[in-house]
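Visitor: Please work out how this folds:
(chains A and B)
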Amino acid sequence: MKSRFAPSPTGYLHIGGARTALFAWAWARKQQGQFVLRIEDTDRERSTQASVDAILDGMNWLGLAHDEGPFYQTDRFDRYKEIIQQLLNEDKAYYCECSKERLQILRDELTEKGEKAKYDGCCRDKNLSSGVVRFKNPLEGVVAFNDAVKGKISIANKELDDLIIARTDGTPTYNLTVVVDDYDMEIDTVIRGDDHINNTPRQINLYQALNWRLPEFAHLPMILGSDGARLSKRHGAVSVMAYRDEGFLPEALLNYLVRLGWSHGDQEIFTLAEIVELFELKNINKAPASFNQEKLIWLNQEYIKSADVEHLIKNLAWHLDHQQIDTSTGPALELVVEHLQERSKTLVEMAEGMKMFYQDFDEFNEKLAKKQFKDSQSIQLLMTKLNSLDDWVASNIKDQIKQVCEELDIGFGKIGQPFRLALSGNGNAGNIDIVAQLVGKDRTLARLQMALDYISQRSD
RNA sequence: GUCGCGUUCGUCUAGUCCGGCCCAGGACCCCAGGAUUUCAUCCUGGUAACAAGAGUUCAAAUCUCUUACGCGACGCCA
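Guide: As a prediction, the model looks like this:
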């Protein structure tokens, strides 16, 4: 069994494409079959190597490995030509010399009359020998197929026209290449977006003209933006790699994507292995789904919370580099990541939260400092106590804080809050004793001194 | 416009094939409590939907028809 993902390289890998790829990949894996990657680059005007690279990068980051390919349609022009010639020889296709202008006028006229704009078959019987090549679509009858997600679909042949299968320059067009490739590559299940659903009857006619067996079709509903319109740039990030940049874990994105239009009862969280094991085409929804960033964030957080520290560190590398955080000196990365795991929605957040352990800062958050840094006595006392601490571990630090509370007869928060701010600069810190331990003795004392300086400066 | 496809809480969805167990369940978001050294996490609870109408039936979210709305296709793009 084989399925495929066949993007055209006219841009980066976007969310919709990624989900299509995921479904095709999951189905192949589930069947213990092969997953084929094919680059549909017949449109040479718009296809770019940069896009090919971007798609490959995206697939790679997601971890959707292909078993065959990537195949490039531009490498297969001889094969397409052969098929086009065969169709011409068998009188199943013909040359057409209608100009683009004539076609445009024809379309305008038909649209005006309220009819479907389709080619009128003008050159069908002219026996021409140059121009574009058109496929002789059957005039009568109905094309019907059973879509694995949409169910029975049928359309009358008279709704279809004679589609162009080769351009004036001889290059083949999509509807021809996709049929030839899916046949040659022995694709059993064609999984693609339902924007292709209207092409399917034309392709089926092509299969039949060629006497080829039909694959199964599974048309996935589109992904919509929050406003119900087709997902596009104005809805925010649509590129898969933008989600890496924003701090998402690939498996979280995959989990989110698989639940967009597919479900297995009430289960929300799926490991990759579970997706493969449980995936069924029949559980795919017919209706389009809206992309909801909040749920993605929730999932991401769930994944971060339960991930292996090592795994997080691996995925964090890009962010540390990007945010220019040098972790070569300072506390062990593992400990910091572990501490941040429960409090980071994204890897970007986590990296930001790491800064206080590896970088010094010049000033405190002004608003918080004004509120928290008032009493120098308690800070002074805390400093003295911490300074004399030999074994710099969280439990001892905690004891010292408690002692300060007792001696001064104040609540934990009274000293805890200023301490927290002193350590972090912005108040974003978790367990104060652990944070202090990780920040280290020297830096902790230096920052408390900074707080003291701040207080004396203000009172001047 | 024509053709195709679709329509369950704000969002993702379960249930629809084989009508009753559904005055519709789960999750995100939101709200209220609780726990906690801030935040976060965690726990408990709550709000909220079968697009509309007609029909079949003892019984319809589930079957049939009509309407509305949405999306897609209608390219020498894919």
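
Visitor: could you check whether the helix or strand where A:Phe419 lies is close to RNA strand B?
Guide: Using DSSP states H and E, A:Phe419 sits within helix A:412-424. Yes: Helix A:412-424 reaches RNA strand B (Cβ under 7 Å from any atom of the strand) through A:Phe412, A:Gly413, A:Gly416, A:Gln417, A:Arg420. Bear in mind the C-beta positions are built from the backbone N, C-alpha and C, glycine included.

Visitor: buried sites along the helix or strand just after that helix?
Guide: Sequence-wise, the next helix or strand downstream of helix A:412-424 (DSSP H and E) is helix A:432-439. Within helix A:432-439, the residues scored as buried using 16 or more other Cβ atoms under 10 Å are A:Ile432, A:Asp433, A:Ile434, A:Val435, A:Ala436, A:Gln437, A:Leu438, A:Val439.

Visitor: what packs against helix A:432-439?
Guide: helix A:333-341, helix A:347-358, helix A:394-408, helix A:412-424 (3 or more Cβ pairs under 8 Å, 6 or more residues apart in numbering; DSSP states H and E).

Visitor: Tabulate those (TSV), appending mean neighbour count.
Guide: Output for the helices and strands packed on helix A:432-439, formatted as TSV (neighbours: other Cβ atoms under 10 Å):
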stretch	mean neighbour count
helix A:333-341	18
helix A:347-358	21
helix A:394-408	16
helix A:412-424	21
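
Visitor: wouldn't A:Asn157 be in contact with A:Val142 here?
Guide: Yes: applying Cβ atoms under 8 Å, one finds A:Asn157 in contact with A:Val142, separated by 6.7 Å.

Visitor: Looking at those two, which is more packed in?
Guide: Legend: neighbour count by other Cβ atoms under 10 Å for A:Asn157 and A:Val142, higher for A:Asn157 (16 against 12).

Visitor: residues in contact with the more buried one?
Guide: By Cβ atoms under 8 Å, 6 or more residues apart in numbering, the contact list for A:Asn157 reads A:Asn137, A:Pro138, A:Leu139, A:Glu140, A:Gly141, A:Val142, A:Val143, A:Pro201, A:Asn205.

Visitor: that older thread, could you work out which of the helices and strands packed on helix A:432-439 reaches nearest to A:Arg46?
Guide: Of all the helices and strands packed on helix A:432-439, it is helix A:347-358 that lies closest to A:Arg46, at 32.4 Å by Cβ to Cβ.

Visitor: Please enumerate residues in contact with that closest one?
Guide: A:245-249, A:304, A:312, A:315-316, A:319-320, A:322-323, A:325-327, A:329-331, A:336-337, A:340-341, A:343-344, A:361, A:423-425, A:428-429, A:435, A:438-439.

Visitor: Quick check: closest non-adjacent residue to A:Lys136.
Guide: A:Lys92 (5.4 Å; Cβ to Cβ, 6 or more residues apart in numbering).

Visitor: neighbours around the one you found, how many?
Guide: Neighbour tally, A:Lys92, other Cβ under 10 Å: 16.

Visitor: I would like the residues contacting stretch A:102-115, please.
Guide: Taking Cβ under 8 Å, 6+ apart as the rule, stretch A:102-115 contacts A:Lys116, A:Ala117, A:Lys118, A:Tyr119, A:Asp120, A:Cys122.

Visitor: Filter those residues down to just the buried residues.
Guide: So, by 16+ other Cβ under 10 Å, the buried ones in the contacts of stretch A:102-115 are A:Lys118, A:Tyr119.

Visitor: hmm, back to that, tell me what the helix holding A:Phe419 is packed against?
Guide: helix A:366-372, helix A:376-387, helix A:394-408, helix A:432-439, helix A:441-459.

Visitor: let's see it at 10 Å
Guide: helix A:347-358, helix A:366-372, helix A:376-387, helix A:394-408, helix A:432-439, helix A:441-459 (3 or more Cβ pairs under 10 Å, 6 or more residues apart in numbering; DSSP states H and E).

Visitor: In a markdown table, list those helices along with distance to RNA strand B.
Guide: Compiled in a markdown table, those are given as follows (distance: least, Cβ to the nearest atom of the strand, whole Å):
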| stretch | distance to RNA strand B |
| --- | --- |
| helix A:347-358 | 9 |
| helix A:366-372 | 9 |
| helix A:376-387 | 13 |
| helix A:394-408 | 5 |
| helix A:432-439 | 4 |
| helix A:441-459 | 14 |
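
Visitor: how about those helices in CSV, adding mean pLDDT?
Guide: Below are these laid out as CSV (pLDDT from 0 to 100):
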stretch, mean pLDDT
helix A:347-358, 92
helix A:366-372, 80
helix A:376-387, 86
helix A:394-408, 84
helix A:432-439, 89
helix A:441-459, 85
